[in-house]
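Undergrad: Fold the stuff below for me.
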Amino acid sequence: MRNRSWQFWALAFTGAAILIYFLSQRFPDVLADGDNRLRLLYLVCLVAVFGGGLFARLRYNTSRTLAHIAIWVALFAGLILAYSFRGEMGGLGDRFTAELMPRDGRPEGERIMSYPVAQNGHYQVQAMADGVTLAFTIDTGASDVVLNPAAAVRLGYDLDQLTFSEVAETANGLVRGAPIVISEFRLGNIVVHDLPATVNEADMSNSLLGMEFLRRLKSWRVEGDRMTLEQ
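TA: I've put the predicted structure just below:
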């Protein structure tokens with residue numbers, strides 16, 4: 001058995017020598033450099049050692065070694081394929097994330113976001129207002145951006161210090177609101193600065209994104225069960 005092992009190693013190093021000779025004839029300019037020759041010698045020796053061990057394993061446990069080789073080849077092929085399609089894979093990742101977290105929306109391009117309709121028939125989104133994550137319902141029937149009291153508190157406002165000077169007529173009657181300005185409003189890859197908003201005095205289930213925000217966009221449209229916003 002020991003003699004056969006030496007045969008495998010001799011075959012491996014003989015193959016390495018043949019490979020070096022072939023490369024020296026094929027690429028004489030490249031191998032004229034001493035550093036390149038040393039680097040090649042190191043790599044060929046590494047391949048020879050690995051190959052010799054591989055042949056030895058094939059000799060004594062062929063089926064299991066071939067199975068391991070197939071697994072590693074499949075892994076490397078998968079990694080190369082994933083890298084080749086990294087752009088497309090990124091798009092698939094965005095779509096997958098959008099389905100898991102519909103309020104985060106799905107980017108459709110630079111400064112373009114789309115959102116699916118929720119089970120209640122409204123378009124519900126998650127936005128960043130001055131660095132704070134807030135939930136909104138897009139309401140094309142509302143003229144303003146309206147925050148509920150809880151959202152205003154999260155933004156750092158003291159409700160007792162706000163001036164509720166605006167009066168609006170709603171389906172529930174007249175309500176008062178306090179005007180504020182959101183310095184930076186982010187909805188996915190859409191960014192709006194100095195967005196006027198109103199803090200509702202009465203409690204409401206969700207904050208609203210009305211026409212004050214939609215007017216800042218280049219366009220918005222509803223197609224099927226998705227709303228697309230473009231800045």
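Undergrad: Ranking helices and strands of this protein by mean pLDDT, which lands last?
TA: The weakest-scoring helix or strand in the chain, judged by mean pLDDT, DSSP states H and E, is helix 86-100 (a mean of 50).
Undergrad: buried residues in the helix or strand following it?
TA: The first helix or strand that comes after helix 86-100 along the chain, using DSSP states H and E, is strand 106-109. Across strand 106-109, burial judged by 16 or more other C-beta atoms under 10 Å covers 106-108. Bear in mind the C-beta positions are built from the backbone N, C-alpha and C, glycine included.
Undergrad: Turn those residues into CSV, including pLDDT and distance to residue 191.
TA: As requested, these are arranged in CSV below (pLDDT from 0 to 100; distance: C-beta to C-beta, whole Å):
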residue, pLDDT, distance to residue 191
106, 83, 17
107, 87, 13
108, 87, 16
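Undergrad: which one of those residues sits closest to residue 222?
TA: Checking the buried residues of strand 106-109 against residue 222 by C-beta to C-beta gives residue 108 as the nearest, at 13.9 Å.
Undergrad: For residue 146, list the residues it contacts.
TA: 177, 197-200, 204, 207-208, 210 (C-beta atoms under 8 Å, 6 or more residues apart in numbering).
Undergrad: I meant to write residue 204 there.
TA: Residue 204 neighbours (C-beta under 8 Å, 6+ apart): 146, 148.
Undergrad: What strand or helix carries it?
TA: Using DSSP H and E, residue 204 falls outside every helix and strand.
Undergrad: One more: residue 141?
TA: Residue 141 belongs to no helix or strand, assigned by DSSP H and E.
Undergrad: can you count the residues close to residue 120?
TA: 8 (other C-beta atoms under 10 Å).
Undergrad: Equivalent analysis for residue 162, please.
TA: 17.
Undergrad: mind listing what it touches?
TA: By C-beta under 8 Å, 6+ apart, the contact set of residue 162 is 152, 178, 180, 199.
Undergrad: Filter those residues down to just the ones in helices.
TA: Assignment to helices by DSSP state H places the following of these there: residue 152.
Undergrad: before we move on, back to that, would a markdown table of the contacts of residue 146 with pLDDT and distance to residue 229 be doable?
TA: Formatted as a markdown table, the contacts of residue 146 follow (pLDDT from 0 to 100; distance: C-beta to C-beta, whole Å):
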| residue | pLDDT | distance to residue 229 |
| --- | --- | --- |
| 177 | 92 | 24 |
| 197 | 95 | 17 |
| 198 | 95 | 21 |
| 199 | 95 | 24 |
| 200 | 93 | 23 |
| 204 | 88 | 22 |
| 207 | 93 | 17 |
| 208 | 93 | 15 |
| 210 | 93 | 13 |
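Undergrad: Out of these, which comes closest to residue 145?
TA: When the contacts of residue 146 are compared against residue 145 (criterion: C-beta to C-beta), the nearest one is residue 197, at 4.1 Å.
Undergrad: So the closest one: helix, strand or coil?
TA: Classification of residue 197 by DSSP: H, G, I helix; E, B strand; the rest coil places it in strand.
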